[in-house]
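S.K.: sharing a model prediction with you, sequence too.
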Amino acid sequence: MPSIKKFLIGEPLSSEEEQHQRLRKFIALPVFASDAISSTAYATDEILVVLLLQAGVGAAAFRPLMPIAVVVCVLMAIVVVSYRQTIHAYPSGGGAYIVSRENLGIVPSLVAGSSLLVDYILTVAVSVAGGVLAIRTATGFDHSLTVPICLLCVFIMTVMNLRGVKESGAAFAGPTYFYILMLVMLIVTGCYRIFVQHVGPIPAEMLSEEAKELSHHTKNLGLYMLLRAFSSGAVALSGVEAVSNGVPAFEKPESKNAATTLMWMGGILGSCFFGVSVLAVHLKPFRGEADGNGLGLMAQYIYGGKG
C-alpha cells in the first residue's frame, strides 16, 4: 500500500519545501479558476433547459436569454469585486467560512462552510458531466460509457490534486488554456458568421425530433420559471471564491497576485459566458433531454453548417 500511495500522490513535502510550491499567476489561474471557467460550457445551456424543457415556451425561450445573461454578468462583477476586497483584507486566505466566522459568528460560518462543501461537490459532478457530454456530442461515443468516463475523470483529478498545487497546476494549465482558446475561437467565428455572413438559426434538419417538437411549444413564461432560469444560469458563479481561499499558495506579494488572478478569471468567465449567450440567441440551439449540449450543437453548425 505505501508504494501505491507513493506512486499515486508522490513523496510527502517537508515544511522547508513549502515556499517552492508557490504559484505564479499564469499557473494559479488554471488551478483556482478552472471550476469557474468550466461553467461557461453549460451555464447558458442550463438557462435554456429551464425555458425549453421545463417551462415549454418554445422559440420564446430565447427572448429573455440576453437579459438573464446581463444580470448574471452584473452579479458576477459584484462578486468578483467583493472577493478582491476580501483578498486584501484577509491575506492569509479569506473565503466565506473565515469571513463569516470573524464577522457573524460560529453558526453562520458553519452554514457557509457546509454550503461551500456541497457547492464544490456539485461543481465537480456537473463540470465533469458537462465536459463528457460535450465530448459525446463531438465524438458520438456510446451513451453507456458516459458514467465510467465521468468517474475516470474524477479519479484523475483527485490524484492530481493530491500531488500538490504545483504539480496539479502544471497538469491542468494546458487543458484549461486550450479550452479557453477554443471557446474564444468559437465565439469569434460564430459572431463573424452571424453578423458578417448573416447566417440564420440552426436549421430543423440538424435538430432531433424531440428538439423540433419543443420548438413549437407556445406556453407563456411565468415569473417563477424566469427566476428559476436565472438561478440556473447563476451556476456561472460557482467556484469564484476559490482564489480568495488560496491566497497563501501564490508567490509574493500574495494578495496582489491573487487579486490580479481573480480579475483575470472574472474577465474570462464573464466575456465567455456572455459570448456563448449571444451565439445562443441568434442560432437558437433547440435540444431535447437526450440530445448533446447546446454548445456542441452550435459548434457543429458554426464550423460545418450551411449559412
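M.R.: Yes, it's here.
S.K.: any regions of the stretch 101-250 of the chain where pLDDT drops low?
M.R.: Scanning the stretch 101-250 of the chain for pLDDT under 70 picks out 165-166, 218.
S.K.: mind redoing it with 80?
M.R.: Applying pLDDT under 80 to the stretch 101-250 of the chain flags the ranges 134, 137-141, 161, 163-171, 204-221.
S.K.: now the helices: where do they sit in it?
M.R.: For the stretch 101-250 of the chain, the helices defined by DSSP state H, counting those that start in this stretch occupy 106-139, 146-162, 165-195, 209-215, 223-233, 242-245.
S.K.: count of neighbours near residue 212?
M.R.: 13 (other Cβ atoms under 10 Å). Glycine gets a C-beta too; all of them are placed from N, C-alpha and C.
S.K.: distance check, the closest residue to it other than its chain neighbours against residue 190.
M.R.: Nearest non-adjacent residue to residue 212, counting by Cβ to Cβ, 6 or more residues apart in numbering: residue 204, 5.8 Å away. For residue 204, the distance to residue 190 equals 19 Å [Cβ to Cβ, to the nearest Å].
S.K.: okay, those two: which has more neighbours?
M.R.: Counted by other Cβ under 10 Å, residue 204 and residue 190 do not tie: residue 190 has more neighbours, with 23 against 10.
S.K.: that one: what's it in contact with?
M.R.: By Cβ atoms under 8 Å, 6 or more residues apart in numbering, the contact list for residue 190 reads 275, 279, 283, 298, 302.
S.K.: how far away is it from residue 126?
M.R.: For residue 190 relative to residue 126 (Cβ to Cβ), the value is 24 Å.
S.K.: what do you get for residue 109?
M.R.: 25 Å.
S.K.: how far does the host helix or strand of residue 26 sit from its chain's centre?
M.R.: Taking DSSP states H and E as the criterion, residue 26 maps to helix 25-38. Centroid separation between helix 25-38 and its chain, computed with Cα atoms, centre = their mean, to the nearest Å, is 11 Å.
S.K.: any buried residues in that helix, and which?
M.R.: Neighbour-count burial for helix 25-38 flags 27-38 (criterion: 16 or more other Cβ atoms under 10 Å).
S.K.: pLDDT check: weakest of those?
M.R.: For the buried residues of helix 25-38, the weakest pLDDT value sits at residue 35, with 81.
S.K.: for residue 251, which of the helices of the stretch 101-250 of the chain is the nearest?
M.R.: helix 165-195 (11.0 Å; Cβ to Cβ).
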